[in-house]
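> Kindly return the folded structure for what I paste below:
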Amino acid sequence: MKLKKLMVLTAACSMVLSITACGSNNNANNGGNVEATNAPAANTTENAGTNSGNAAATEVVPEDGATLTVWESKDERKFAEEIAKQFTAKYNVPVKIEELAPPDQVNRLIQDGPSGLAADVVLLPHDNLGKAASASVVLPNDIFAEETKSANTEASIIGSTFNNELYGYPRAAETYALYYNKSLLKEAPKSFDDVLAFSKTFTDKSKNRYGIMWEVGNLYFNYMFIASNGGYLFGDNGTNKDDIGLNNEGAITSLKAFVKMKEALPIKSGDINPDIKRGLFNSGDVAMDITGPWELAGYKTALGDNLGIAPIPTIDGKTSITFSGIKIFAVNAYSQYPNAAKLYANFASGKDAQLLLNKLVGSVPTNNEALADPQISGDPYVSAFAEQAKNSQPMPSIPEMGNVWAPVNAALPEIWDKNVDPKVAMDKAVQQIKDLNNGVAAE
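The predicted structure is shown next:
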């Protein structure tokens, strides 16, 4: 069963952007408060009242002697340090920032939370929330629930919720779009056929020069080559683990268009990473880059007025459907200082914090007031991401989503690097996902 059109409409109406993420792969030192007990923190907040979501922020008081550790993305560390400084000035609670890629945080939290070695506040892609909540390693967003719900877009609240319980504090929405260098292209191509035609005149592998570049081995950036002709991940709006559409007829049709693009980008998937791609785009050796808003600030600095952003080109005449995702803060259930941690998560995801994050790294807010602020509404780049968001699908947040990445991220390089038939590669990936979903070790 295909992901319902209602999901796309909901995302378009309620969210200005999107995935996945996609953070740094830096490892963090052991974080958290090592003296934490082995029992999760109680789901109450001192001096905060008893009605979930109804307590005022002023009633929340940090615990005596509270200190916090926060896991953050490498790319967003500048924001983290500034917002932590502001939080400490307001609440007199010291905050230590440690780098850990958001997609890696849930596993570290499950592993290190009970022993007190995990951070008090973590940053998760919303598709990891189901796994974290099912493992009981994050606390519900109870004290600030009503404030969070009223302040943010509907889609970001959906992404911050699991089994009808609000856990997350949304701070940014993400999808990807087409960055292009206006000094090399007068206007953005409308279709991938146009991309290929331009690349035939520009790509020169001997000079390390390419018409377009994106992470061809990463499902997050290649969902368009699955969904645009009717493929999908899980059926029933992303909730049915037994209905997998990664290898249906529509997905295979789109993947054939993916294969055609090797002529524009004749290199191995393993030779493409964010640092390589970023350097080549900044130098003018890559004319187009498919990536997310986290690159906006750096690309604006490098290209200035020559930077353009547009929606993803069409595939076989069909609108490109991209992944969208919400980055959310969550509070470690084993934190010694849940009051302080909840205060930080709320403080660091509010309007002013989201505007600061946008200013420093180009992120797209989920806060409604921030979205209406001239800093955002008057930005032509954010508007391009908003247009792509109208044709994006939120990543499923069920725990089984964690079983999708490795099999598909192995299948895509097989198709790109080794010319394996897309149907063969995706059939294998789907079987591996089913085995993992059913507790069977995949081959």
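> all contacts plus neighbour counts: C-alpha atoms, from now on.
Fine.
> all helices of the stretch 101-250 of the chain, in order?
Applying DSSP state H, counting those that start in this stretch to the stretch 101-250 of the chain gives helices spanning 102-112, 129-134, 145-151, 154-159, 192-202, 219-222, 224-227, 235-238, 249-260.
> hang on, isn't residue 232 packed against residue 244?
Yes. Shown here, residue 232 and residue 244 form a contact pair, counting by CA atoms under 8 Å, at 7.0 Å.
> more crowded one of these two?
Legend: neighbour count by other CA atoms under 10 Å for residue 232 and residue 244, higher for residue 232 (26 against 20).
> For that one, give its distance to residue 243.
9 Å (CA to CA, to the nearest Å).
> Repeat that for residue 236.
Distance of residue 236 to residue 243, given as CA to CA: 8 Å.
> Ok, residue 384 next?
From residue 384 across to residue 243, the span is 33 Å (CA to CA).
> For those two, indicate the residue with more neighbours.
When residue 384 and residue 243 are compared for neighbours, residue 384 comes out ahead with 21 against 16, by other CA under 10 Å.
> could you pull out the strands for the stretch 301-443 of the chain?
For the stretch 301-443 of the chain, strands defined by DSSP state E, counting those that start in this stretch occupy the ranges 307-310, 322-332, 392-394.
> export these to CSV and tack on mean pLDDT and mean neighbour count?
Putting the strands of the stretch 301-443 of the chain into CSV (pLDDT from 0 to 100; neighbours: other CA atoms under 10 Å) gives the following:
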stretch, mean pLDDT, mean neighbour count
strand 307-310, 96, 22
strand 322-332, 94, 29
strand 392-394, 82, 30
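> For residue 161, find the nearest of those strands.
Residue 161 lies closest to strand 322-332 among the strands of the stretch 301-443 of the chain, at 10.3 Å (CA to CA).
> what lines up beside that closest one in the sheet?
Strand pairing for strand 322-332, determined by DSSP bridges: strand 121-125 (antiparallel), strand 138-139 (antiparallel), strand 169-174 (antiparallel), strand 392-394 (parallel).
> Please list the residues outside the first one that contact it.
Counting by CA atoms under 8 Å, 6 or more residues apart in numbering, the neighbours of strand 121-125 from elsewhere in the structure are 19-21, 68-73, 102-103, 105-106, 325-332, 341, 344-345.
> Flag the shaky bits of the stretch 101-250 of the chain, pLDDT-wise.
For the stretch 101-250 of the chain, no stretch has pLDDT under 70.
> 90 instead?
Within the stretch 101-250 of the chain, the segments meeting pLDDT under 90 span 127, 153-156, 158-159, 162-164, 173-174, 236-239.
> that older thread, out of the strands paired with strand 322-332, the one nearest residue 295 is which?
With CA to CA as the yardstick, what comes closest out of the strands paired with strand 322-332 is strand 169-174 (11.4 Å).
> Output the closest one as CSV, restricted to C-alpha atoms.
Extracted as CSV, the C-alpha positions of strand 169-174 are listed here (Å, rounded to 0.1, in the frame of the first residue of the first chain):
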residue,chain,number,x,y,z
TYR,A,169,11.1,19.5,21.6
PRO,A,170,11.2,20.3,17.8
ARG,A,171,13.9,22.7,16.7
ALA,A,172,14.3,22.4,12.9
ALA,A,173,12.7,20.9,9.9
GLU,A,174,14.7,19.5,7.0
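> got the buried residues for that strand?
For strand 169-174, burial by neighbour count (16 or more other CA atoms under 10 Å) applies to 169, 170, 171, 172, 173, 174.
> do stretch 232-250 as well
Quick answer for stretch 232-250 (16+ other CA under 10 Å): 232-235, 237-239, 241, 243-248, 250.
> I'd like the strands of the stretch 301-443 of the chain laid out as TSV, including distance to residue 191.
Below are the strands of the stretch 301-443 of the chain laid out as TSV (distance: least, CA to CA, whole Å):
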stretch	distance to residue 191
strand 307-310	11
strand 322-332	15
strand 392-394	17
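> Of all those, which one is nearest residue 298?
That would be strand 307-310 among those, by CA to CA, at 10.7 Å.
> got a list of contacts for that closest one?
The list of residues contacting strand 307-310 from outside it, by CA under 8 Å, 6+ apart, reads 177-182, 188, 299-300, 381, 384-385, 388.
> same check, this time on stretch 248-255
Defining contact as CA under 8 Å, 6+ apart, one finds that stretch 248-255 is touched by 224-232, 245, 315-316, 422-423.
> One more pass at 10 Å, please.
With contact meaning CA atoms under 10 Å, 6 or more residues apart in numbering, stretch 248-255 is reached by 2, 222-233, 245-247, 258, 261, 315-316, 318, 320, 412, 415, 421-424, 426-427.
> now do stretch 182-198
Outside of stretch 182-198, the residues within contact range by CA under 10 Å, 6+ apart are 178-181, 199, 202-203, 210-212, 257-258, 260-265, 284-288, 303, 305-320.
> Isn't residue 393 up against residue 231?
No. With contact defined as CA atoms under 10 Å, residue 393 does not count as touching residue 231 (11.8 Å).
> Same list (the buried residues of strand 169-174) but as CSV, adding distance to residue 93.
Shown next, in CSV, are these (distance: CA to CA, whole Å):
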residue, distance to residue 93
169, 19
170, 22
171, 21
172, 24
173, 28
174, 30
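> Show me which of those is closest to residue 86.
Taking CA to CA as the measure, residue 171 is the one of those closest to residue 86, at 16.5 Å.
> how near is that closest one to residue 387?
For residue 171, the distance to residue 387 (CA to CA) stands at 20 Å.
> How is the protein partitioned into domains?
5-174+324-394, 182-323+397-437 (automatic domain parsing).
> tell me the most buried of the ones you listed?
Highest mean neighbour count of the domains of the chain: domain 5-174+324-394, a mean of 21 (counted as mean count of other CA atoms under 10 Å).
> what distance separates that domain from the centre of its chain?
12 Å (CA atoms, centre = their mean, to the nearest Å).
> so what pLDDT did the closest residue to residue 420 other than its chain neighbours get?
Among residues not flanking residue 420 along the chain, residue 414 sits closest, at 5.7 Å (CA to CA, 6 or more residues apart in numbering). Predicted confidence (pLDDT) for residue 414: 98.
> wait, what's in contact with residue 414?
217, 269, 408, 420, 421, 422, 424, 425, 426.
> okay but residue 84 is in contact with residue 347, surely?
Yes. Applying CA under 10 Å, one finds residue 84 in contact with residue 347, separated by 9.4 Å.
> and the gap between residue 287 and residue 240?
In this view, residue 287 and residue 240 are 40 Å apart by CA to CA.
> Wait, residue 69 touches residue 97, no?
Yes. Assessed by CA under 10 Å, residue 69 is found in contact with residue 97 at 6.0 Å.
> residues in contact with residue 151?
Taking CA under 10 Å, 6+ apart, we find residue 151 in contact with 145, 157, 170, 350, 351, 366, 367, 368, 369, 370.
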